[in-house]
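Asks: Got a predicted structure here, sequence first:
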Amino acid sequence: MKYRDDDDKCYGVAGMAVGLSIFDATELFNGITIDADGLDCVQFTPEFYFAGNPRLNAKEAWQEIFSHYQISMGLIIADAMCRKMIHDHGVVDRKMRNSLLSAMCDEGKELCQLEKDEVETIFDRYYSHLMRVFSDHGMGDAIKQLATQLKEQRSFSRVEVIDLLRHLSVI
C-alpha cells in the first residue's frame, strides 16, 4: 500500500481500524499508528504473527494462518476502499478491484496454497460487505472524524481505537 500523503494514510488506517472491528479482530492488535507503512500501521499482537506451533497439528496450524490471511485481506480491502470512497469521494473501479484481487491471490497462494477461485470466493464476500459499509454516509462522517483525530495524535492504543469506534457509533 502506497500513500500519497498523511491525509491519505490517515484514511487508510482509519479504514483498517473499522475493518478490525468488522472482522472481529480487535483482540489481535495493540494499536494503530500512521508512523509506519502498510499493514504495519496496525500494531498486531504476537499471536497474529503465528509462525507455527509444534503442539498444533498441521490442520490447526493451517487454519490459524488462513484466518490471519483473511483478516489481512479484509484490512487491505478496507484501506483501499476507505481511501478511494471516503477520502477521494471516488468510486472503486474494476481496475482497482482486479489489482487488489491479484495481490490477494498471490498472497493466498504463498501463505495458504490457495487457488485463485478459492481466494476470489472470499475476496468477493469481503469486497461486497466492505462496499456496503463504506457506502454508508454515516460511516463517512465517522471515518472523517477518526482520520482527523489520528492525524492529530498519530497513534492510538487498542482501547482508544475501540472507544473511538464506539463513540463514533461504528461498533
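Replies: The structure has been received and is ready for your questions.
Asks: Next SSE downstream of the helix or strand containing Ala78?
Replies: Remark: Ala78 resides in helix 58-81, with elements defined by DSSP states H and E. Using DSSP H and E, the helix or strand that follows helix 58-81 in sequence is helix 94-112.
Asks: Ramachandran angles for Ser155?
Replies: Torsion angles at Ser155 (phi, psi; degrees, to the nearest 10) stand at phi -160, psi 160.
Asks: can you check Phe44 too?
Replies: For Phe44, the backbone dihedrals are phi -70, psi 160 (criterion: degrees, to the nearest 10).
Asks: what bridges to it?
Replies: Phe29 (DSSP bridges).
Asks: and it, what does it touch?
Replies: Neighbour list for Phe44: Leu28, Phe29, Asn30 [criterion: C-beta atoms under 8 Å, 6 or more residues apart in numbering]. In this view, the C-beta of every residue, glycine as well, is placed from N, C-alpha and C.
Asks: Can you give me the buried ones in stretch 131-145?
Replies: Neighbour-count burial for stretch 131-145, with 16 or more other C-beta atoms under 10 Å as criterion, is recorded at Val133, Phe134, Met139, Gly140, Ala142, Ile143, Lys144.
Asks: Same check on stretch 48-65?
Replies: Within stretch 48-65, the residues scored as buried using 16+ other C-beta under 10 Å are Phe48, Ala61, Glu64.
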